[in-house]
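> Sharing a sequence plus its predicted fold:
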Amino acid sequence: MVVVRNVCLSSDHYATLGLDRRCTAAQIRTAYRLLAKRHHPDLHGGAEEAVRRAQELNAAHEVLSDPARRRAYDRELAEAEQPTAAPRAAKVERNIAQDVLLQIGEFLRGTELEVRVQDPANPHGAETYALTVPAGTAPGTRFRLERGEPFAGGVVQVRVKVRPGFRFKARGTDLRGELRIDTRRATQGGTETMPGPTGAPVRVNIPAGVARGAVIRVAGEGLPKPRGGRGDLLVRITYRPEVRVTRAARF
């Protein structure tokens, strides 16, 4: 007996009539007539086996001679023959991705990090990994840390991003900052120094008559690029115009 979706298929109607499932309607009629005559209970003295056989033949004919009922019956047979799928094991998340924010200087100098994974699915408890971010690492770089049992083959992927700083803002591999100068320097021009992203002084050449809000590009003083080299430092000039107030002469 085959049970599919609460539908019981106790017998195969095609086998009852001795037919293949690809048989035609005409073949179904012919087979039924011959078998019904051969197994008619009157010919067998009303024997119980003959009665049961006649009932099976009638049931098979009723289903297979009706096109709609035959299609439904064929679908049930096909579903019953499909192997039962084994229950899926609970999905184990082997791969983990995490972003971490680094200070601007850490991309240039490098740094050491400890990556700790608290996964309730790990019977061994927390996982701890050491991560070395080398000097000259570009923002957006991804590091892959191989996980051990029971997550062998999985990785912890750590992507490093820029933490916004007080003095500089990052845009890609370029840095943006401000430099305040006095009116004399703004008028005459010259060279000013300012702390760079690592703390070392950076020289900024100021053109004479520079406008407030002007942006001066200092090449190669930004963040590391993925394929080598560094972005630029974009310095916005600010200053307060000098105002002198004197008394007007009286005549």
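Now that the structure is in, tell me what you want to look at. Keep in mind it's a predicted model, so treat the numbers as computed, not measured. Residues are numbered from 1 along each chain as shown.

> what's the most centrally placed residue in the chain in contact with, if anything?
Centroid-nearest residue in the chain: Ala97, 9.6 Å away (criterion: C-alpha atoms, centre = their mean). Contact analysis of Ala97 by C-beta atoms under 8 Å, 6 or more residues apart in numbering lists Val156, Gln157, Val158, Arg159. (Each C-beta comes from the backbone N, C-alpha and C, glycine too.)

> And Glu93, by the same measure?
Counted by C-beta under 8 Å, 6+ apart, Glu93 has contacts Asp119, Ala121, Gly154.

> in the chain, which helix or strand is least confident?
In the chain, no helix or strand scores lower on mean pLDDT, DSSP states H and E than strand 2-4, which sits at a mean of 29.

> How many neighbouring residues does the closest residue to Thr128 other than its chain neighbours have?
Closest residue in space to Thr128, ignoring its immediate chain neighbours: Arg116 at 5.2 Å, by C-beta to C-beta, 6 or more residues apart in numbering. As a burial measure, Arg116 scores 10 neighbours (other C-beta atoms under 10 Å).

> What strands line up against the helix or strand where Arg116 lies, and which way round?
Applying DSSP states H and E as the criterion places Arg116 in strand 111-117. Here strand 111-117 is paired, per DSSP bridges, with strand 127-133 (antiparallel).

> Which helix or strand lies directly C-terminal to the strand it pairs with?
strand 142-146.

> how about that next one as PDB, C-alpha atoms only?
The C-alpha trace of strand 142-146 is given here as PDB (Å, rounded to 0.1, in the frame of the first residue of the first chain):
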ATOM      1  CA  ARG A 142      38.800  42.400   2.800                       C
ATOM      2  CA  PHE A 143      40.600  39.900   4.900                       C
ATOM      3  CA  ARG A 144      39.600  36.200   5.100                       C
ATOM      4  CA  LEU A 145      40.200  34.200   8.300                       C
ATOM      5  CA  GLU A 146      39.800  30.400   8.000                       C
END
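
> rewinding a little: quick one: the contacts of Glu93 as TSV, columns for secondary structure, distance to Leu34 and neighbour count too.
Below are the contacts of Glu93 laid out as TSV (DSSP: H, G, I helix; E, B strand; the rest coil; distance: C-beta to C-beta, whole Å; neighbours: other C-beta atoms under 10 Å):
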residue	secondary structure	distance to Leu34	neighbour count
Asp119	coil	70	17
Ala121	coil	65	11
Gly154	coil	66	16
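
> Average pLDDT for the helix ranked longest in the chain, rounded please.
Assignment by DSSP state H gives helix 48-64 as the longest helix of the chain. Taken as a whole, helix 48-64 has a mean pLDDT of 86.

> and Gly64, what does it touch?
One correction, residue 64 is Leu, not Gly. His13, Tyr14, Leu17, Ile28, Arg70, Tyr73.

> And the first one, its phi and psi?
The one in question is His13. phi -60, psi -30 (degrees, to the nearest 10).

> what does the fourth one give?
The phi and psi torsions at Ile28 (degrees, to the nearest 10) take the values phi -60, psi -40.

> What is the burial count for the closest residue to Ala135 other than its chain neighbours?
Excluding the flanking residues, the one nearest Ala135 by C-beta to C-beta, 6+ apart is Gly110, at 3.7 Å. For Gly110, the neighbour count with other C-beta under 10 Å is 14.
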